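Visitor: Quick one, what's the 3D model for this:
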Amino acid sequence: MSQESKGNVLVIQPSDVSLKITDIVEKIISNIVETGEINIVGINDAMFLVCSAINMATEIAKVYVDDIFIGNLELPVLGKAHAISAHLAQKPILDYAKIAEQEEGKMEDVAEQTISVSRAATKERLLTVSLLRLAKFDEVRIVAAGGSINDAIPLALKLTNGQISKDPIGIKLVHLYSILMRNDPTKSIAAVSIYLQKDKSTLYTKRQSDLLKKIEIGH
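Guide: Purely as a prediction, here's the structure:
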């Protein structure tokens, strides 16, 4: 596990995917107890693992997500990479579930404006479907659960990097939550909804931009 203690940044890389979720949760809670906050970042195949750890930490302790975003990285070893990052603290600031509900309330047809990512669909198919929906609607949401999160985030970032869509596309909201598993309703699994807006640019705060740069430099 790669941990950068300065600034409380915990980076989980693809080489860490064999870790248990509880190992990462332990790191999260330890940092929260010591400093009251932590930034956790999942890179490429480790993104789903980080999402699962965040959800578990928020379910068993006074840990809250007060900032979450996705972005691209340029790393010396991995090259171009995708990441999800969350800032966790001891007090709730934003109600992401309520914000997501408000976003869906603005949609003309939630079902039609939703792109569900699964391992059964090819990346090319998902990209085409997303572009078709964006041609029809100003806002869409990309949803995924489990390991498909690792495919959903790159899809959203590809749509927003300005190289494939005719219109500017920006990330409006990233919502991380849990859903019950279909094959075992007694267990839950991490899921994400990524809301994309046409004719909008993705805006990163200074803290978010500085964090991405810090990870790139640190690798």
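Visitor: So which residue is smack in the middle of this structure?
Guide: Nearest to the mean C-alpha position of the chain, counting by Cα atoms, centre = their mean, stands I84 at 4.4 Å.
Visitor: domains for the chain, by residue range?
Guide: For the chain, the structural domains run 2-93+205-218, 96-198, going by automatic domain parsing.
Visitor: could you give the mean pLDDT of the first one?
Guide: I take that to be domain 2-93+205-218. For domain 2-93+205-218, the mean pLDDT works out to 91.
Visitor: and that domain, how far from the chain's centre?
Guide: The gap between where domain 2-93+205-218 is centred and where its chain is centred comes out at 10 Å by Cα atoms, centre = their mean, to the nearest Å.
Visitor: what's the answer for the last one, then?
Guide: With Cα atoms, centre = their mean as the basis, domain 96-198 stands 11 Å off its chain's centre.
Visitor: Next, the distance between the ends of that domain.
Guide: This stretch, domain 96-198, spans 21 Å end to end (Cα to Cα, to the nearest Å).
Visitor: next one: stretch 11-24
Guide: Stretch 11-24 has an end-to-end distance of 10 Å (Cα to Cα).
Visitor: before we move on, back to that, for my notes, confirm the residue nearest to the centre of the chain occurs in a strand.
Guide: Yes: under DSSP: H, G, I helix; E, B strand; the rest coil, I84 falls within a strand.
Visitor: Distance of it relative to I54?
Guide: Between I84 and I54 the distance is 9 Å, computed by Cβ to Cβ, to the nearest Å. For the C-beta atoms, the positions are set from N, CA and C on the backbone; glycine is no exception.
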